[in-house]
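**Student:** what's the 3D shape of this:
(one chain, ligands or ions: 1)
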Amino acid sequence: MAKKRLGQHFLSDPSILQRIVEAARLAPEDLVVEIGPGPGKLTRILAGTVRRVIAIELDEALCRTLWDEYAQAENVEVVYGDALEYPYEDLPEFKVVANIPYYITTPIIFRLLENKSAPLDMLRKVQGIPPVEKEGIPDFRTNRLKSMTLTIQKEVAERIVASPGGKDYGVLSIMVQYLGDPELNFVIPKQAFRPVPKVDSAVIYIRIRKQPAVHVHNEEQFFRIVRTAFSQRRKMLSNSLKNTGENVKKWLDRAEIEGFRRPETLSIGDFARLANTFEIS
Ligand code: SAM
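**Tutor:** The predicted structure is shown next:
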């Protein structure tokens, strides 16, 4: 019996599972973290494809079945626990492949994209997730994630890959595209899952950038400005940015952005220019 509160909607069509693994562009030497292996159908294909699989599952009964199945397997480690709490910072280079439980889609994405500097911590606060320890990690992120191949609600996938100009483009698009390079691979109709969920899903592949897509002097400020602009997405920037405390007209002039524009027309580069010309600290 599937547990609704754990977002259990299982896939079993071998051709769909194979397409997910192909979308992940895995190499034999890879370490893959699978979030929510469930009954383990995707896990089995991953275990036959890469050097090592760490599968993190919150349902103890499902873990027991997987522990039995992989008792002798040297390359599969089944971890009983919450994927939001897992110490990804301790892993060497890894890729994530997961059919993510719907109720934690964005927290999981932000947890994996965790950044050394502040902005994603701000989002963690909003989501009620405690910040992680960040000492001693050499590059700009706190973990060594290379890519994520995620099966998520189609509507969320469309928001993540959205370009400026459309209704799907917003804070989530900018957050993810700042640190990663997402592409929507294919749609999985809801009828492919058991039990059948309310909405269709899509598989997205996100390559993690070595450096953020744009240079910003202060990431916290950058994300604060993005969120403020989108908090009133129907308004012109000259209005929606008023409560930043800045002289908006002069600020927009410095950034060379017209005040009548609406936030969804601004590229990440435009937002970076806005953040880098903000003078009140
Ligand atoms: N991978 C399987 C598949 O594709 O058929 C199952 C996917 S199902 C959508 C999501 C799985 O994540 C379930 O097995 C659920 O128990 C597990 N899960 C839910 N919350 C979790 C959490 N916080 N951490 C780890 N696993 C979780």
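**Student:** Neighbours of residue 5, how many?
**Tutor:** If you count neighbours by other CB atoms under 10 Å, residue 5 ends up with 7. Any C-beta I mention is one placed from the backbone N, CA and C, and that applies to glycine too.
**Student:** Ok, residue 239 next?
**Tutor:** Per other CB under 10 Å, the neighbour tally for residue 239 reads 14.
**Student:** if I look at it, how far off is residue 259?
**Tutor:** 8 Å (CB to CB, to the nearest Å).
**Student:** ok so residue 66 is a strand residue?
**Tutor:** No: residue state for residue 66 (DSSP: H, G, I helix; E, B strand; the rest coil) corresponds to helix; a strand is not indicated.
**Student:** For it, which non-adjacent residue is spatially closest?
**Tutor:** Closest residue in space to residue 66, ignoring its immediate chain neighbours: residue 78 at 4.4 Å, by CB to CB, 6 or more residues apart in numbering.
**Student:** right, and the secondary structure at that neighbour would be what?
**Tutor:** Once three-state DSSP is applied, residue 78 turns out strand.
**Student:** Helix or strand: which one has the residue sitting nearest the centre point of the chain?
**Tutor:** Closest to where the C-alpha atoms of the chain average out (CA atoms, centre = their mean) is residue 109, at 2.6 Å. Secondary structure from DSSP states H and E places residue 109 in helix 105-113.
**Student:** picking that back up, the residue nearest to residue 66 against residue 64, yeah?
**Tutor:** No: with contacts counted by CB atoms under 8 Å, residue 78 stays clear of residue 64, the gap being 9.2 Å.
**Student:** So which of the two has more stuff around it?
**Tutor:** Neighbour count, other CB under 10 Å: between residue 78 and residue 64, residue 78 has more, with 24 against 13.
**Student:** How confident is the prediction for that one, by pLDDT?
**Tutor:** You'll see residue 78 listed with a pLDDT of 96.
**Student:** Also residue 220?
**Tutor:** Residue 220 carries a pLDDT value of 84.
**Student:** Tell me, how many residues neighbour it?
**Tutor:** 14.
**Student:** Repeat that for residue 192.
**Tutor:** Neighbours of residue 192 under the rule other CB under 10 Å: 18.
**Student:** what about it, distance to residue 48?
**Tutor:** 21 Å.
**Student:** from the protein, which residue is nearest to the ligand?
**Tutor:** Residue of the chain nearest the ligand, by CB to the nearest ligand atom: residue 36 (2.1 Å).
**Student:** the bottom helix or strand of the chain by mean pLDDT?
**Tutor:** Lowest mean confidence among the helices and strands of the chain (mean pLDDT, DSSP states H and E): helix 119-127, at a mean of 53.
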